[in-house]
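Engineer: Here is a sequence with its predicted model. Questions after.
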Amino acid sequence: MNRAFQLSVSTRDRILDAAEGLFADQGFHLTTLRQITQAAEANLAAVNYYFGSKQELIRAIFRRRLDALNAARLERLDAIEEDDSRADLEAVLDAFVEPALEFTRGGDAEGQRFMQLLLRAFADRDTALHEAMRQEYAHVMRRFADAVSAALPGADRTRLRHQLDFIVGALTLTMAESALKDTRIIAAELVQFAAAGLRGSLDHRIPESARRTLEATS
């Protein structure tokens, strides 16, 4: 990296950039703070000052990207609901899906790197990280759950939360498919698939024994 550019970027951002790249390439467990500080041309004291720990550094990386992504999602949802408080189901799902696909397409290096990082997080099964991110963005999921529920009168809210998790999983795998480039077509297909599943579930009740298990784990 050009030294003049290094000096123009804050120490905090250099650490975040270096850590994001190393975590994406090597994983969270194999990457050391020493490697990160060397790549960022910083020292361990700076990591401790800005983040406190390796785990908090990982969370800061996710927040930096997911804050922007979820702001874009909510902005689209706000625009939809301004026109119609009970928005069309496909429009609501599109507001959730398309910004994520846009973020990882078009040859954007940052988007591709973060997508790698996201897949690492799923593969490593870091439950503490998953739970931290779930709590961090619970308000976003509630907004979309409310909008989907308004578009589907009679939907079971407990069941709906699990169904939205299914959609998040499908979206994550779609984001990982680097051969797919046309975000509009991909988003439209995923939205159509998700909307069909959500509507279809209204006509198919789950067995009572399964319902009790579902409610107990919610």
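Structural biologist: Arrived safely, thanks for sending. Residues are numbered from 1 along each chain as shown.
Engineer: Show the average pLDDT along stretch 97-110.
Structural biologist: The pLDDT scores in stretch 97-110 average 76.
Engineer: so how far is Val191 from Ile185?
Structural biologist: From Ile185 over to Val191 the distance is 11 Å, taken as CB to CB, to the nearest Å. C-beta: built from backbone N, CA, C; applies to glycine.
Engineer: Show me the shaky parts of this protein.
Structural biologist: Confidence mapping of the chain against pLDDT under 70 gives the ranges 1-9, 85-86, 105-108, 177-181, 204-218.
Engineer: circling back: who's more crowded, Ile185 and Val191?
Structural biologist: Taking Ile185 and Val191 together and counting by other CB atoms under 10 Å, Val191 has the greater number of neighbours (21 against 11).
Engineer: Give me the three-state assignment for that one.
Structural biologist: Put simply, Val191 is helix when judged by DSSP: H, G, I helix; E, B strand; the rest coil.
Engineer: At the geometric centre of the chain, which residue do we find?
Structural biologist: When the chain is reduced to its mean C-alpha position, the closest residue under CA atoms, centre = their mean turns out to be Leu66, at 5.9 Å.
Engineer: Quick one: the strands in the protein, in order.
Structural biologist: Secondary structure of the chain (DSSP state E): no strands located.
Engineer: tell me, which helix in it spans the most residues?
Structural biologist: Of all the segments assigned as helix in the chain under DSSP state H, the longest by residue count is helix 54-83.
Engineer: Buried by neighbour count: which residues of that one qualify?
Structural biologist: By neighbour count, with 16 or more other CB atoms under 10 Å as the criterion, the buried positions of helix 54-83 are 54, 57-63, 65-66, 69-70, 72-74, 76-77, 80-81.
Engineer: can you give me the helices in this protein?
Structural biologist: Going by DSSP H, the chain shows helices at 3-8, 11-26, 33-40, 44-50, 54-83, 89-103, 109-124, 127-136, 138-151, 157-176, 183-202, 208-216.
Engineer: Deepest in the core, which of the ones you listed is it.
Structural biologist: For the helices of the chain, the stretch with the most neighbours on average is helix 89-103, a mean of 22; neighbours defined as mean count of other CB atoms under 10 Å.
Engineer: which other residues reach it?
Structural biologist: Taking contacts as CB atoms under 8 Å, 6 or more residues apart in numbering, the residues outside helix 89-103 that touch it are 65, 69, 72-73, 76-77, 80, 111, 114, 144, 147-148, 151-152, 167, 171, 174-175, 183-184, 186-188, 190-192, 194-195, 198-199.
Engineer: which residues sit in contact with the residue nearest to the centre of the chain?
Structural biologist: Residues Met133, Glu136, Tyr137 are the ones in contact with Leu66 under the rule CB under 8 Å, 6+ apart.
Engineer: Reformat these as TSV; add distance to Arg159.
Structural biologist: Written out in TSV, the entries for the contacts of Leu66 read as follows (distance: CB to CB, whole Å):
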residue	distance to Arg159
Met133	22
Glu136	24
Tyr137	20
